[in-house]
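Asks: The amino acid sequence is not available; the structure is as follows:
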């Protein structure tokens, strides 16, 4: 299903989902992913669907839903893989502008070092970037990236994008039990303080993960992380994302 919803989201209100990537075409194989393991990680951008077909599918979906449920707040690229792997992303955003609805992208940020990816993201109204770690060892353990990815380049790309993006930028950090966050929480907060964020979300897995050992962070860790983030970023820019939002949306 290339287009689904609208579905409710705490971050984005009522959103029409765009699934522009086939299942598990991803640059990461995150241990907490509810979609299963990524068997063949990739960082090669390619074409998956005809952009015009995505637009027409979105129009049909919008025409089929009841208007009495309220307006659609966002058209959101939230696929079963990493949306920036779609080489047609910028074109798709341009076409979807005809719907007259703000556009959001939910990304793991792994390809944001690529100028073309940043330019595509610039076309959106809201971008959500994953920042699970700023330390190499935790990044590799939690996100299990493609072997050619470099964390330093990703972090530099986030800073560069944030400095140029005129829309709303939010981040999400997934917290797990069994990971040594003793110093990492402060490091992530310090990194995020460099960029003009609308909101920084702290999250835990709410759906069955692909690895059996994965458990959500406990209340003590969540509270400590919230306090650390709030102290560094300001309490009005930090929110816990710990409730179940349904299988259709992340």
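Replies: Ah, there it is. Keep in mind that what you see is a predicted model, and the values were worked out from it rather than measured.
Asks: Now do the strands in the chain.
Replies: Chain-ordered strands for the chain, with DSSP state E as the definition, fall at 3-9, 13-18, 74-77, 103-107, 126-130, 168-174, 199-203, 238-241.
Asks: now for the fourth one, which elements pack on it?
Replies: When contacts are defined as 3 or more Cβ pairs under 8 Å, 6 or more residues apart in numbering; DSSP states H and E, strand 103-107 sits against strand 74-77, helix 89-96, strand 126-130. Bear in mind the C-beta positions are built from the backbone N, C-alpha and C, glycine included.
Asks: Let's see that with 7 Å instead.
Replies: For strand 103-107, the elements it packs on are strand 74-77, strand 126-130, judged by 3 or more Cβ pairs under 7 Å, 6 or more residues apart in numbering; DSSP states H and E.
Asks: Could you please name the strands the first one pairs with and the direction of each pair?
Replies: The reference is to strand 74-77. Here strand 74-77 has these sheet partners by DSSP bridges: strand 13-18 (parallel), strand 103-107 (parallel).
Asks: how about the helices and strands packed on strand 103-107, which one is nearest residue 233?
Replies: Residue 233 lies closest, by Cβ to Cβ, to one member of the helices and strands packed on strand 103-107: strand 126-130, at 14.6 Å.
Asks: give me the low-pLDDT residue ranges for this protein?
Replies: When the per-residue scores of the chain are filtered using pLDDT under 70, the ranges that remain are 66-68, 243-250.
Asks: Break down it into its helices, ranges please.
Replies: With DSSP state H applied, the chain shows helices at 51-64, 89-96, 115-122, 136-142, 151-164, 184-192, 219-233, listed in chain order.
Asks: export those to JSON lines and tack on distance to residue 9 and mean neighbour count?
Replies: Compiled in JSON lines, the helices of the chain are given as follows (distance: least, Cβ to Cβ, whole Å; neighbours: other Cβ atoms under 10 Å):
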{"stretch": "helix 51-64", "distance to residue 9": "16", "mean neighbour count": "15"}
{"stretch": "helix 89-96", "distance to residue 9": "18", "mean neighbour count": "20"}
{"stretch": "helix 115-122", "distance to residue 9": "19", "mean neighbour count": "18"}
{"stretch": "helix 136-142", "distance to residue 9": "23", "mean neighbour count": "16"}
{"stretch": "helix 151-164", "distance to residue 9": "22", "mean neighbour count": "16"}
{"stretch": "helix 184-192", "distance to residue 9": "21", "mean neighbour count": "19"}
{"stretch": "helix 219-233", "distance to residue 9": "20", "mean neighbour count": "16"}
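Asks: Same list (these) but as TSV, adding distance to residue 129.
Replies: Formatted as TSV, the entries for the helices of the chain read as follows, by distance: least, Cβ to Cβ, whole Å:
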stretch	distance to residue 129
helix 51-64	22
helix 89-96	15
helix 115-122	9
helix 136-142	14
helix 151-164	6
helix 184-192	10
helix 219-233	15
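Asks: between those helices, which one is nearest to residue 242?
Replies: For residue 242, the closest of the helices of the chain is helix 219-233, at 7.2 Å, according to Cβ to Cβ.
Asks: now the angle from that closest one to strand 168-174?
Replies: Angle, helix 219-233 to strand 168-174, by axes from the mean of the first three to the mean of the last three Cα atoms, to 10 degrees: 150 degrees.
Asks: The helices and strands packed on strand 103-107: which one's closest to residue 33?
Replies: strand 126-130 (11.3 Å).
Asks: can you list contacts of that closest one?
Replies: 11, 74, 102, 104-109, 121, 158, 165, 167-172 (Cβ atoms under 7 Å, 6 or more residues apart in numbering).
Asks: ok, 8 Å please
Replies: Residues external to strand 126-130 that are found in contact with it (Cβ atoms under 8 Å, 6 or more residues apart in numbering): 11-12, 74, 102-109, 112, 121, 143, 158, 161, 165, 167-174, 198.
Asks: Equivalent analysis for stretch 178-191, please.
Replies: Contacts to stretch 178-191, defined as Cβ under 8 Å, 6+ apart, come from residues 131, 133-135, 138, 141-142, 155, 173, 175, 213, 215, 217, 221, 224-225, 228-229, 231-233.
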